[in-house]
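Undergrad: Quick one: sequence plus predicted model below, questions after.
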Amino acid sequence: MSNSNFSIEEHFPDMWDAIMHDWLADSSSESPDPDLPAISPKQRSLLRKVKPVGLMGRIVVLETPNRWTKESIEQDLIDPIKHVLKTRLDLSVSLAITSTNGDSADSDAEETTHGTGETGRGTHEGASIPQSVATAEDLSNTEVEQLVTQAEEKNKTTTEEAQQRREHDADELAGQYSASENRIDPNPSPTPRHWTHKEQATSEQTYRSAARHSSPTQPSSNFNDGLDGDSLLNKNYTFESFVVGSSNNFAAAACRAVAEAPAKAYNPLFIWGESGLGKTHLLHAIGHYAKELQPNMRVLYVSSEELTNDFINSIANDTRESFKRRYRNLDMLIVDDIQFLQNKESTQEEFFHTFNALHQANKQIVLSSDRPPRQLTTLEDRLRTRFEGGLITDVQTPDLETRIAILTKKAESDNVQLPEDVKVLIASRYEKSIRELDGALIRVTAYCALSHEPLTVETAEIALRDISPADQDVEIVPQHVIEVVANYFNLTTDELVGKGRAKKFVQARQIAMYLCRELTDLSLPKLGSSFGGRDHTTVMYAERRVRESLSENKKVFDQVQELTQKIKSHARD
């Protein structure tokens with residue numbers, strides 16, 4: 001192979017990975033490279049989310065996971081990226097940035113181009129872009145869409161060929177350099193090199209460096225189940241998976257600000273709103289984003305029930321000092337459903353001192369509740385006044401547009417092709433909470449999968465007939481669910497909520513927990529307490545298991561349908 005045959009376009013994604021690896025490493029180095037722009041922790045986080053689609057002539061096509069990331073990069077990183085590419089590859093490029101998912105209710109996937117400021121055709125010879133275009137700034141969104149598609153197709157058709165040549169190219173290239181004065185170090189230093197477009201052999205070295213730094217492609221983990229270590233953060237709940245609309249845009253912005261500048265923007269941050277509107281999602285997202293920006297940050301998420309249980313256990317086990325260390329040796333404490341501290345005077349007293357210790361140490365505190373602080377009349381005045389000392393923001397019932405966007409994102413994450421008219425049907429019918437939307441979507445998709453019916457408005461109507469919004473005025477409490485489910489499976493209520501691990505107990509208990517989540521507005525910790533004082537993660541696990549079974553097991557689907565009607569009938573009596 002000769003150097004003149006090396007294609008930067010073909011290998012650009014790998015070269016991008018190598019360049020980003022060095023730039024990100026350099027930004028936290030004690031001896032930074034003066035040719036690489038300094039970037040903040042937030043900017044490093046943004047760059048990690050950028051996927052290189054390809055290089056088409058003088059246009060670099062980049063993909064971001066959502067509109068927020070795209071807009072943040074456009075605001076802060078366009079010039080630094082172009083500078084780095086110019087420095088390392090001697091390429092004066094335009095950037096075409098696309099987002100794969102909208103991050104708000106009114107955003108569709110969109111593309112924006114950012115030009116070089118230089119004159120030139122700047123397009124790949126196969127691209128169907130007008131030849132009179134001077135830079136990427138002149139391209140319309142439609143033309144950029146064409147460019148993105150062409151770059152993706154080009155990558156797809158060349159990947160296999162590049163894989164076959166890669167080892168041969170590297171070996172031949174190493175042979176060429178072993179006979180020259182510019183030898184390739186078999187154990188290259190992590191110190192960033194200066195690669196130029198004119199010295200194509202050095203560009204090839206960039207490509208080979210990419211092979212060292214890049215890891216095998218892994219499936220997206222945005223919706224993985226489970227908790228994140230000691231922080232107790234649910235990996236499903238990130239800003240990327242949160243849909244922003246008019247009902248929650250201020251709350252979402254405040255949460256991002258707190259994650260980016262803990263204890264500097266708003267401290268404490270108090271988020272309130274009715275159950276099922278996304279408060280818990282935002283709390284977890286704050287924790288994830290804060291740790292992403294500062295990996296060593298000590299973050300703890302707990303519910304007020306868990307806080308209370310920890311405190312009670314510390315008294316019973318004579319481990320008060322351990323409790324204090326757990327809750328005060330933190331950089332960020334996130335407490336969900338703080339209203340449940342009502343009538344728990346000893347826990348309120350301890351939390352008051354914990355709050356003061358963290359606040360005085362300039363540590364971030366984030367709280368949520370189903371009502372604003374002034375309405376928490378059962379809490380001590382000194383706690384309420386401290387809650388009011390920071391920023392108070394609410395999340396409201398999502399409007400139709402936001403509900404449709406939520407269904408769209410949920411369907412995409414579940415790999416479900418959801419017709420627009422079905423989205424409108426569900427979003428128009430279920431207005432109260434996001435949890436209702438989620439439950440209705442699961443019911444519809446499970447029904448169609450098990451009955452082998454197409455997903456249409458007609459089949460959706462059939463699937464949803466047993467959970468009509470007309471039933472929303474019926475008040476259902478966990479005891480209703482427990483009694484009906486126990487009777488249905490020929491169990492006693494003690495057996496249902498007890499510790500028995502026999503299969504018949506476990507399955508019935510999980511279905512009861514799922515139905516409590518679907519039919520009541522209680523929080524996870526409160527539901528856990530209703531089932532023998534179990535932890536909220538047990539309820540989360542049960543809910544997930546039953547949801548999975550609904551689309552795979554017709555027997556479980558039929559049981560849930562029948563039990564839903566029985567519970568509503570029982571609640572009316």
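TA: The structure has been received and is ready for your questions. Numbering: from 1, shown residues only.

Undergrad: Just the residues contacting the helix or strand where Val422 lies, thanks.
TA: Per DSSP states H and E, Val422 falls inside helix 420-429. Contact with helix 420-429 is made by 400, 403-404, 406-408, 411, 437, 440-441, 444, 455-457, 460-461, 464, 469, as judged by Cβ atoms under 8 Å, 6 or more residues apart in numbering. C-beta here means a position set from N, CA and C on the backbone, and glycine is covered the same way.

Undergrad: Quick one: classify the nearest residue to Ser314 once chain neighbours are set aside as helix, strand or coil.
TA: Of all residues not flanking Ser314 in the chain, Phe323 sits nearest, at 3.7 Å (Cβ to Cβ, 6 or more residues apart in numbering). Per DSSP: H, G, I helix; E, B strand; the rest coil, the secondary structure class of Phe323 is helix.

Undergrad: Distance check, Phe323 against Asp336.
TA: In this view, Phe323 and Asp336 are 18 Å apart by Cβ to Cβ, to the nearest Å.

Undergrad: again, but for Pro478
TA: 19 Å.

Undergrad: between these two, who's got more neighbours?
TA: Counted by other Cβ atoms under 10 Å, Pro478 and Asp336 do not tie: Asp336 has more neighbours, with 25 against 20.

Undergrad: thought that one was touching Thr280?
TA: Yes. The pair Asp336 / Thr280 is scored as a contact, 5.7 Å apart, by Cβ atoms under 8 Å.

Undergrad: list residues touching both of those two?
TA: By Cβ under 8 Å, 6+ apart, the residues touching both Asp336 and Thr280 are 368, 523.

Undergrad: quick one: contacts for Arg547?
TA: Neighbours of Arg547 in contact, by Cβ under 8 Å, 6+ apart: 442, 514.

Undergrad: Which helix or which strand is home to it?
TA: Per DSSP H and E: helix 536-550 holds Arg547.

Undergrad: Output that helix as CSV, restricted to C-alpha atoms.
TA: The C-alpha coordinates for helix 536-550 follow below in CSV (Å, rounded to 0.1, in the frame of the first residue of the first chain):
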residue,chain,number,x,y,z
HIS,A,536,-38.8,0.5,47.0
THR,A,537,-36.4,-1.4,44.7
THR,A,538,-38.4,-4.5,45.2
VAL,A,539,-41.5,-2.8,43.9
MET,A,540,-39.4,-1.5,40.9
TYR,A,541,-38.2,-5.0,40.1
ALA,A,542,-41.7,-6.5,40.4
GLU,A,543,-43.1,-3.8,38.1
ARG,A,544,-40.4,-4.5,35.5
ARG,A,545,-40.9,-8.3,35.6
VAL,A,546,-44.7,-8.0,35.1
ARG,A,547,-44.3,-5.5,32.3
GLU,A,548,-42.0,-7.9,30.5
SER,A,549,-44.4,-10.8,31.0
LEU,A,550,-47.3,-8.8,29.6
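
Undergrad: in the chain, what spans have low per-residue confidence?
TA: Along the chain, the model assigns pLDDT under 70 to residues 1-7, 28-31, 100-231, 466-474, 572-573.

Undergrad: For it, which segments count as strands?
TA: 51-56, 59-64, 94-99, 111-114, 227-228, 233-234, 269-272, 299-303, 332-336, 364-369, 391-394 (DSSP state E).

Undergrad: Buried residues in the third one, which are they?
TA: Translated: strand 94-99. For strand 94-99, a neighbour-count test (16 or more other Cβ atoms under 10 Å) marks 94-99 as buried.

Undergrad: quick one: contacts for Asp438?
TA: Contacts of Asp438 (Cβ under 8 Å, 6+ apart): Lys410.

Undergrad: What's the local residue count around Asn236?
TA: The burial count for Asn236: 17, using other Cβ under 10 Å.

Undergrad: Okay, it and Asp521: tell me how far apart.
TA: Taking Cβ to Cβ, one finds Asn236 at 20 Å from Asp521.

Undergrad: Please apply the same query to Ala460.
TA: Distance from Ala460 to Asp521, by Cβ to Cβ: 24 Å.

Undergrad: more neighbours, the two?
TA: The residue with more neighbours, out of Ala460 and Asp521, is Ala460; 26 against 15, by other Cβ under 10 Å.

Undergrad: Mind jotting down where the helices sit in the stretch 1-150 of the chain?
TA: 8-27, 41-48, 67-76, 78-89, 141-178 (DSSP state H, counting those that start in this stretch).

Undergrad: Ok, the stretch 401-550 of the chain next?
TA: 420-429, 434-451, 457-464, 478-488, 493-497, 503-519, 524-530, 536-550.

Undergrad: Can you give me the domain assignment for this structure?
TA: According to automatic domain parsing, the chain comprises the domains 3-213, 227-394, 400-572.

Undergrad: re the thing from before, now the strands of the chain in JSON lines, with distance to Leu527?
TA: Formatted as JSON lines, the strands of the chain follow (distance: least, Cβ to Cβ, whole Å):
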{"stretch": "strand 51-56", "distance to Leu527": "39"}
{"stretch": "strand 59-64", "distance to Leu527": "37"}
{"stretch": "strand 94-99", "distance to Leu527": "36"}
{"stretch": "strand 111-114", "distance to Leu527": "44"}
{"stretch": "strand 227-228", "distance to Leu527": "17"}
{"stretch": "strand 233-234", "distance to Leu527": "16"}
{"stretch": "strand 269-272", "distance to Leu527": "20"}
{"stretch": "strand 299-303", "distance to Leu527": "11"}
{"stretch": "strand 332-336", "distance to Leu527": "13"}
{"stretch": "strand 364-369", "distance to Leu527": "16"}
{"stretch": "strand 391-394", "distance to Leu527": "23"}
